[in-house]
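Visitor: Sequence and predicted structure, then a few things I'm wondering about:
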Amino acid sequence: MMRHTTRHICLTLLFAAAHSAGGCGGDSSTSPTTTTTTTTATLVTETFSGSIGQNGVSVYPFTVSTSGYSLLAGYTSIVPASVTALGIGLGSWDATTSTCSLNITQNDAGRSGSTAISGNANAGSYCLRVYDGANIGASVTASYSVQVQHY
């Protein structure tokens, strides 16, 4: 009979311990959880190619989708070797009049293989202007490839 009573007491103590441990947590209500969604911007690389002569200009519109990220532009190639640099500028693009207002920044001596323009950009319509920065001789045509990276 002692064995049955001991087992009963042990089970009673075990149940009491489990029940009292469940009540030790204090307030059982939960606080609201805030979920933050982070959007990752996508890097866009655009390449434009063309040719210009002395005092020539070419314009390339593009769109930046995400504000606050870097924008880089530079030549990946310029030929012939006698043309050591070309002008490069960044402006606002007006799609209604198809005009590029060279009003943000410019570099008269952008060289192949280096970043000519860098900064942060807001979302919007932009244009890249390639021009002769007094580096193309008479009767010379310069061919180029220019790259713009933005988000």
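Guide: Yep, it's here. A quick note: this is a predicted structure, and the numbers were derived from the prediction, not measured.
Visitor: Quick one: classify Val83 as helix, strand or coil.
Guide: Taken by DSSP: H, G, I helix; E, B strand; the rest coil, the conformation at Val83 corresponds to coil.
Visitor: Could I get the phi/psi values of it?
Guide: Backbone torsions of Val83, given as degrees, to the nearest 10, read phi -100, psi 100.
Visitor: so what's it up against?
Guide: Val83 makes contacts with Asn135, Ile136, Gly137, Val140, Ala142, as judged by CB atoms under 8 Å, 6 or more residues apart in numbering. In short, each C-beta sits where N, CA and C put it, glycine included.
Visitor: What number of residues are in the vicinity of the fourth one?
Guide: The number of residues packed around Val140, counting by other CB atoms under 10 Å, is 14.
Visitor: Got the phi and psi for it?
Guide: Per degrees, to the nearest 10, the backbone of Val140 is at phi -110, psi 140.
Visitor: repeat for Ala41
Guide: phi -70, psi 150.
Visitor: And Gly113, by the same measure?
Guide: Dihedral angles (degrees, to the nearest 10) for Gly113: phi 90, psi 10.
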